[in-house]
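Peer 1: Pasted the sequence and its predicted model underneath.
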Amino acid sequence: MAEVLVLVDHLDGAVRKPTLELLTLARRLGEPVAVHLGPGVDTVAPTLAEHGAVKILAADAPEFADYLVVPKVDALQAAYEAVSPVAVLASSSAEGKEIAARLALRIGSGLITDAVDLEAGEGPVATQSVFAAAFTARSRVTTGTPVITVKPNSAPVEPAPSAGAVEPLSVSFSKTATGTEVVSRTPRESTGRPDLTDAAIVVSGGRGVGDGENFHFIESLADSLGAAVGASRAAVDAGWYPHTHQVGQTGKSVSPQLYIAAGISGAIQHRAGMQTSMTIVAINKDEEAPIFDLVDYGVVGDLFEVVPALTEEINLRKA
Ligand code: FAD
């Protein structure tokens with residue numbers, strides 16, 4: 001059966017959820033072969049096998065951590081040459097997209113980024129949500145082996161136990177591999193919340209929150225749901241929440257199972273970053289707010305009443 005390469009995204013000895021989603025999609029196209037770069041393959045191999053990896057090609061070298069993406073591109077290219085896959089999949093993170101684009105260029109293949117679905121066909125057919133989610137495009141790579149990046153939360157995580165045998169991947173690094181050295185790393189202060197772009201649930205606050213201090217209402221609701229916190233540009237520009245949490249055209253694109261917008265009007269630039277969410281809920285005191293045109297559930301009300309009541313009810317039901 002045809003093999004499909006899946007580049008593994010992992011952190012601190014754990015496979016990140018978007019990789020497990022990629023394994024679900026890869027199984028539609030053929031047999032998933034995971035490519036694990038860096039330390040800790042033995043720790044993550046059982047998870048990859050449990051989610052359908054028939055084989056895990058593993059390489060570890062200081063270059064993966066000490067330099068920017070080129071060593072990983074070299075390794076993915078080595079895996080591509082070893083396997084001759086029908087497709088190469090990576091997650092639509094900044095790093096995943098850069099590695100995928102560089103690989104596609106090297107192997108003379110077409111590249112599709114930010115897919116939200118994949119179907120088997122005469123070459124995989126990728127669905128993208130484009131122009132602020134106003135259009136859905138379905139496309140297929142016509143040159144070379146398709147290299148496709150997929151947005152987090154585009155597919156379910158489905159166990160499908162497989163052999164998952166670990167095999168060493170031999171990599172010779174190119175001259176450019178050591179061209180850009182990482183000179184320092186500053187760990188981001190952990191909030192204990194999931195990463196905004198991977199999160200299955202996102203709770204966002206906008207100008208209606210009124211003040212940075214009031215963002216604790218949004219954070220408490222997020223914590224009751226195990227969600228990430230997002231913000232509109234208005235809230236971020238006002239200095240109420242860090243820019244890294246901005247959702248929208250000039251912020252992050254999120255596509256969670258559930259997106260809750262509180263005190264956000266629903267400007268087109270905000271929608272561009274969240275419109276592909278599976279279920280959208282808005283809390284807004286203006287029943288004419290444009291966000292209500294796109295929601296699955298809308299609450300017309302004051303967020304300072306609705307959000308704490310919702311948080312309390314969720315916490316009660318969890319108890
Ligand atoms: P507002 O539009 O002011 O809406 C606030 C909402 O809160 C209102 O609907 C109001 O009814 C409601 N409200 C007020 N008080 C309460 C209350 N107590 N309870 C309930 N509801 C209440 N925006 C983004 O978000 N992300 C982007 O990436 C982005 N990129 C942009 C790029 C460009 C080039 C441009 C020009 C703009 C961009 N914007 C972006 C800005 C965007 O156009 C809007 O200005 C912004 O999204 C508005 O944020 P908001 O909905 O929080 O604020």
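Peer 2: Looks like it came in fine.

Peer 1: only C-alpha atoms for contact and neighbour calcs from this point on.
Peer 2: Fine.

Peer 1: So the nearest residue to His243 once chain neighbours are set aside: helix, strand or coil?
Peer 2: Excluding its sequence neighbours, the residue lying closest to His243 (C-alpha to C-alpha, 6 or more residues apart in numbering) is Val236, at 5.6 Å. Under DSSP: H, G, I helix; E, B strand; the rest coil, Val236 falls in the helix class.

Peer 1: Val236 and Val247 touch, don't they?
Peer 2: No. Val236 is beyond contact range of Val247, at 9.6 Å (criterion: C-alpha atoms under 8 Å).

Peer 1: Looking at those two, which is more packed in?
Peer 2: It is Val247, of Val236 and Val247, that has more neighbours when counted by other C-alpha atoms under 10 Å, with 27 against 21.

Peer 1: pretty sure the more buried one is touching Ser277, no?
Peer 2: No. Contact between Val247 and Ser277 fails when scored by C-alpha under 8 Å: they sit 12.0 Å apart.

Peer 1: what residues do these two have in common as contacts?
Peer 2: Val254 (C-alpha atoms under 8 Å, 6 or more residues apart in numbering).

Peer 1: residues in the chain within reach of the ligand, list them.
Peer 2: Contact residues (C-alpha under 6 Å from any ligand atom) of the chain with the ligand: 206-208, 232-235, 247-251, 263-267, 269-270, 283-286, 289, 301-304.

Peer 1: Quick check: Ser224 is in a helix.
Peer 2: Yes. Under three-state DSSP, Ser224 sits within a helix.

Peer 1: Any idea how many residues pack against it?
Peer 2: Neighbour tally, Ser224, other C-alpha under 10 Å: 16.

Peer 1: In helices only, show me the residues of the chain next to the ligand.
Peer 2: 233-235, 269-270, 303-304 (DSSP state H).

Peer 1: From these, list the buried ones, please.
Peer 2: 233-235, 269-270, 303-304 (16 or more other C-alpha atoms under 10 Å).

Peer 1: Could you identify the most distant pair in the ones in helices among the residues of the chain next to the ligand?
Peer 2: Gln269 and Phe304 (24.8 Å; C-alpha to C-alpha).

Peer 1: any idea how far Val150 is from Leu29?
Peer 2: For Leu29, the distance to Val150 equals 14 Å [C-alpha to C-alpha, to the nearest Å].

Peer 1: center of this protein, which residue is that?
Peer 2: With distances taken as C-alpha atoms, centre = their mean, Pro152 lies nearest the centre of the chain, 2.9 Å away.

Peer 1: Quick check: that one touching Pro18?
Peer 2: Yes. Using C-alpha under 8 Å, Pro152 is in contact with Pro18, at 5.1 Å.

Peer 1: overlap in contacts of these two?
Peer 2: 91, 198.

Peer 1: Please list only the buried members of the residues of the chain next to the ligand.
Peer 2: Using 16+ other C-alpha under 10 Å, the buried members of the residues of the chain next to the ligand are 206-208, 232-235, 247-249, 251, 263-266, 269-270, 283-285, 289, 301-304.
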